[in-house]
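Colleague: just a sequence and a predicted model for now, questions to come.
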Amino acid sequence: DDDKIKAALADCGTITSIRWITDRESGEFKGAGFIQFGSLEESAKAVAMHGTEVLGRPLRVAYAKGRPERAGGNDRGGGAGGKKFENKLSDKPEGCTKVFCGNLSYEIDDDQMKSFFSDCGDVVAIRWLTDRNTGDFKGVGFVDFGTESAVDKAVKKAGERLLGRPIRIDYAS
């Protein structure tokens, strides 16, 4: 139920919605659902839990690839399938020098990321998220900068294309 999954994922952040998949005719739970978090950083923490045992079963977590929510406007970002690109920023933590980056190409490497952010300031470190069991790259990571002003410039690059994909960027702590 909702309370059990909220408790199991409490360390990831604030869950803003849960939608369980059920059989259309019987209403029976199909063993899967969609969970939305308050920020990209929080959802990345949940994705990093893929394979962890939760409620007696290994958790399977991935970013949803289905149709986007239709929240006003018809501005299309030119992404795959004409999906609208939205990059909602969370509140900036005090002293923030790190950003979360998502929707990254599986071909990305440190040099390409540093080049992408070269006009923002010095990139101090990059951490890529990988599957705990397989070691496969999850298409997301964190970039540490030397200053807060570099982070302010970096988040403004949200939606710009990096290796053919509109990159998602959010503040991280």
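Modeller: Sure, I can see it. Source: prediction; values computed, not measured.
Colleague: all contacts plus neighbour counts: C-alpha atoms, from now on.
Modeller: Fine.
Colleague: and the next element down the chain from the helix or strand where residue 100 lies?
Modeller: Residue 100 belongs to strand 98-102 when assigned by DSSP states H and E. Counting by DSSP H and E, the next helix or strand C-terminal to strand 98-102 is helix 110-116.
Colleague: so what touches that next one?
Modeller: 123, 126, 162 (C-alpha atoms under 8 Å, 6 or more residues apart in numbering).
Colleague: quick one: that helix to chain centroid distance?
Modeller: 19 Å (C-alpha atoms, centre = their mean, to the nearest Å).
Colleague: check which residues of it are buried.
Modeller: 113-114, 116 (16 or more other C-alpha atoms under 10 Å).
Colleague: need those residues in JSON lines with distance to residue 20, can you?
Modeller: What follows is these, written out as JSON lines (distance: C-alpha to C-alpha, whole Å):
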{"residue": "113", "distance to residue 20": "36"}
{"residue": "114", "distance to residue 20": "39"}
{"residue": "116", "distance to residue 20": "38"}
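Colleague: just to revisit the earlier point, so which of the contacts of helix 110-116 belong to strands?
Modeller: 123, 126, 162 (DSSP state E).
Colleague: now the residue nearest the centre of the chain, nearest residue through space, not along the chain?
Modeller: In the chain, the centroid-proximal residue (C-alpha atoms, centre = their mean) is residue 40; its distance is 4.1 Å. Spatial nearest neighbour of residue 40, chain neighbours left out: residue 170 (6.5 Å); criterion: C-alpha to C-alpha, 6 or more residues apart in numbering.
Colleague: same check on residue 34?
Modeller: residue 19 (5.1 Å).
Colleague: could you report the neighbour count for that neighbour?
Modeller: 11 (other C-alpha atoms under 10 Å).
Colleague: what pairs with the residue nearest to residue 40 across the strands?
Modeller: Judged by DSSP bridges, the bridge partners of residue 170 are residue 100.
Colleague: which of the contacts of helix 110-116 count as buried?
Modeller: Looks like the contacts of helix 110-116 have 123, 126 buried, using 16+ other C-alpha under 10 Å.
Colleague: for the contacts of helix 110-116, give me TSV that also has distance to residue 99.
Modeller: Formatted as TSV, those follow (distance: C-alpha to C-alpha, whole Å):
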residue	distance to residue 99
123	11
126	10
162	15
